[in-house]
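[1] Any chance you could fold what I've pasted below:
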Amino acid sequence: MKRQAEAVLPTDWGNFNMIAFADNEEDKMPHLAMVHENFDHSKSVLIRIHSECMTGDLFHSHRCECGEQLDAAMKLTAEQGGAVIYLRQEGRGIGLINKLKAYKIQDTGVNTADANTHLGLEIDAREYDIAIEIMKDLGIKKIKLLTNNPDKIEAIELSEIEVEKRIPLIIPPKKENHGYLKTKQDLMGHLFKI
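    Residues are numbered from 1 along each chain as shown. As a prediction, this is how the structure comes out:
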């Protein structure tokens, strides 16, 4: 995997250099790094590793808090000269079609974890090795990791990149996602209290 293209992207939060990472330039779904213009890899960098969530990020679904987390991460990384790494692993790695099937199962009262296993899928199939490769490409040695997910912390701690500290990214629950967040807290060990 390597850098395939990059360009400055003016956003609501300031200017970011958007960098596309893929095995080849024909890849239509590259992973992305949104690197703020004040980014300095010689310091401890604020990093958000965000897995794609089309329903939340793009359509602002209330089933999850993903879109709000992405917005908050963009704001914070702009303020601190950090970066958001956007991984193309929709639906905790199961893809959009299976995610919609899981939503249908959840509508019968099944929690988000059990809906995935009901479909014969992993509760969370995401991997973070690509994020580590991207951070290495950006020259990052030390990070402040913006996350509630212990799996992300562990993955980075097993790499050469130092996690200086974890910064929580707490979004107040809505009635539509309270059960989803409770499952993330109770069954998946995410680091927040609702």
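[2] mind listing the helices for this protein?
    Taking DSSP state H, the helices of the chain run over residues 66-80, 90-93, 96-106, 112-118, 129-137, 150-157, 178-186.
[3] residues contacting the residue lying farthest from the centre of the chain?
    For the chain, the C-alpha farthest from the mean C-alpha position belongs to T108; by Cα atoms, centre = their mean, that distance is 27.2 Å. Counting by Cβ atoms under 8 Å, 6 or more residues apart in numbering, T108 makes contact with nothing. C-beta here means a position set from N, CA and C on the backbone, and glycine is covered the same way.
[4] Could you measure from it over to I123?
    18 Å (Cβ to Cβ, to the nearest Å).
[5] Would you agree D57 is in contact with L70?
    Yes - judged on Cβ atoms under 8 Å, D57 makes contact with L70 at a distance of 5.2 Å.
[6] what about A33, distance to R92?
    A33 sits 21 Å away from R92 when distances are taken as Cβ to Cβ.
[7] what about the two, which has more around it?
    Under the neighbour definition other Cβ atoms under 10 Å, A33 and R92 were set side by side, and A33 has more, 24 against 21.
[8] Q80 versus that one, what's the distance?
    From A33 to Q80 the distance is 16 Å (Cβ to Cβ).
[9] where are the low-confidence patches of the chain?
    Filtered on pLDDT under 70, the chain yields the residue ranges 177-192.
[10] what's the closest non-adjacent residue to L121?
    I94 (4.9 Å; Cβ to Cβ, 6 or more residues apart in numbering).
[11] what do D57 and L70 both touch?
    Each of H50 lies in contact with both D57 and L70 under the rule Cβ under 8 Å, 6+ apart.
[12] And the residue nearest the centre of the chain?
    H50 (1.3 Å).
[13] Can you give me the distance of that one to N111?
    The spacing between H50 and N111, counted by Cβ to Cβ, is 23 Å.
[14] ok, S61 - how many residues close by?
    The local packing of S61 (other Cβ under 10 Å) involves 17 other residues.
[15] should've said E164
    E164: 14 surrounding residues under other Cβ under 10 Å.
[16] now what about stretch 55-63, what contacts it?
    Residues from elsewhere that reach stretch 55-63, judged by Cβ under 8 Å, 6+ apart: 50, 53, 64-68, 70, 96, 99, 103, 106, 174, 176-177, 180.
[17] of all these, which comes closest to V84?
    Within the set of the contacts of stretch 55-63, H50 lies nearest V84; the separation is 5.8 Å, counting by Cβ to Cβ.
[18] That closest one contacts R88, correct?
    No - with the criterion set as Cβ under 8 Å, H50 and R88 do not qualify as a contacting pair; they are 10.6 Å apart.
[19] Alright, that wraps it up for me.
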